[in-house]
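Q: here is a sequence together with a model predicted from it:
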Amino acid sequence: MKEITATGPTVEEAVQSALAQLNTSKDRAEITIVEEGKKGLFGLFGSKPYIVTVKLKQDPVEESTNFLKKVLTEMNIVAELDVKVDGRNIFMGISGEKTALVIGKRGQTLNSLQYLTQIVANRYSDQYLSVTIDAEGYREKRRETLEQLAERLAQKALKTKQDVHLEPMPSFERKIMHAILSSYSDVETYSVGKEPNRSLVITPKKAMLNKVK
């Protein structure tokens, strides 16, 4: 975090001096008054300037983007990042020659990158930020796969009249499954286990008695 100490006859002038040196604005800075100024006799003798320190706040989007770039470099992957911000949502699209390595088996590598990048973003943010990382449209393809999986397993639950347990999924994929299956009138869904091994269960509605979501 960059920090500048500046002086001035008033607080505002001292702060503006520091902001100019940091080439930033007040909303991106933390300001601390180190020492109060003092007017001298007749405004001339014994006067003391105000002393302030101004720290440049680290931008969560910039920090998380740099983190992801560094990780990709460590993985020997040359890729381009397309970063978009919509309120508290950050989207990072990865494109390049080795996107299969970025995605990993069933998106596990991509999900891990997303999880770690979101931690970095929120470390530097005053409000919760949601980070989504995609590579060559994988997320949409995965959603289509989940839709097909949901339909097939819902039919299985109804046919066997037994619970169907899915493999562990990240929370955002479970939410997708919950949303898809909410349109089915004959089945219910709930999650069991602890992260990162929390998984979804599909059960016929008549078998929901004494079960807790």
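A: Yep, that arrived.
Q: quick one: the helices in the protein?
A: Remark: helices assigned in the chain by DSSP state H are 11-22, 60-74, 99-103, 108-123, 138-160, 171-181.
Q: Serialize the ones you listed to a markdown table and add fields for distance to Glu188.
A: C-betas here are computed from N, CA, C, even on glycine. Shown next, in a markdown table, are those (distance: least, CB to CB, whole Å):
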| stretch | distance to Glu188 |
| --- | --- |
| helix 11-22 | 55 |
| helix 60-74 | 36 |
| helix 99-103 | 31 |
| helix 108-123 | 26 |
| helix 138-160 | 9 |
| helix 171-181 | 8 |
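Q: let me have those in JSON lines, extended by distance to Glu36, mean pLDDT and mean neighbour count.
A: JSON lines is the format used below for these (distance: least, CB to CB, whole Å; pLDDT from 0 to 100; neighbours: other CB atoms under 10 Å):
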{"stretch": "helix 11-22", "distance to Glu36": "9", "mean pLDDT": "87", "mean neighbour count": "17"}
{"stretch": "helix 60-74", "distance to Glu36": "33", "mean pLDDT": "95", "mean neighbour count": "16"}
{"stretch": "helix 99-103", "distance to Glu36": "54", "mean pLDDT": "93", "mean neighbour count": "18"}
{"stretch": "helix 108-123", "distance to Glu36": "33", "mean pLDDT": "95", "mean neighbour count": "18"}
{"stretch": "helix 138-160", "distance to Glu36": "54", "mean pLDDT": "93", "mean neighbour count": "15"}
{"stretch": "helix 171-181", "distance to Glu36": "50", "mean pLDDT": "91", "mean neighbour count": "17"}
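Q: for Val34, which of the ones you listed is the nearest?
A: Taking CB to CB, helix 11-22 is the member of those nearest to Val34, at 9.3 Å.
Q: next, the distance between the ends of stretch 181-191.
A: 13 Å (CA to CA, to the nearest Å).
Q: so which bits of that stretch are buried?
A: Going by neighbour count (16 or more other CB atoms under 10 Å), the buried part of stretch 181-191 is Leu181, Tyr184, Val187, Glu188, Thr189, Ser191.
Q: narrow those to those in strands?
A: Val187, Glu188, Thr189, Ser191 (DSSP state E).
Q: unless I'm mixing things up, the third one is touching Ala179, no?
A: The reference is to Thr189. No: checked against CB atoms under 8 Å, the pair Thr189 and Ala179 is beyond contact range at 9.6 Å.
Q: among the buried residues of stretch 181-191, which two are most distant?
A: Spanning the widest gap among the buried residues of stretch 181-191 are Tyr184 and Ser191, at 16.6 Å by CB to CB.
Q: chain neighbours aside, what residue packs nearest to Met75?
A: Leaving aside its sequence neighbours, Met75 sits nearest to Leu101 (CB to CB, 6 or more residues apart in numbering; 6.7 Å).
Q: report how many residues lie close to Ala136.
A: Small correction: residue 136 is Glu, not Ala. Each residue near Glu136 was counted by other CB atoms under 10 Å, and the total is 14.
Q: for the remainder of this discussion, apply numbering that starts at 766.
A: Okay, residue one is now 766; in that scheme the one you just asked about reads as Glu901.
Q: phi first, then psi, for it.
A: Reported as degrees, to the nearest 10, the phi and psi values for Glu901 are phi 50, psi 40.
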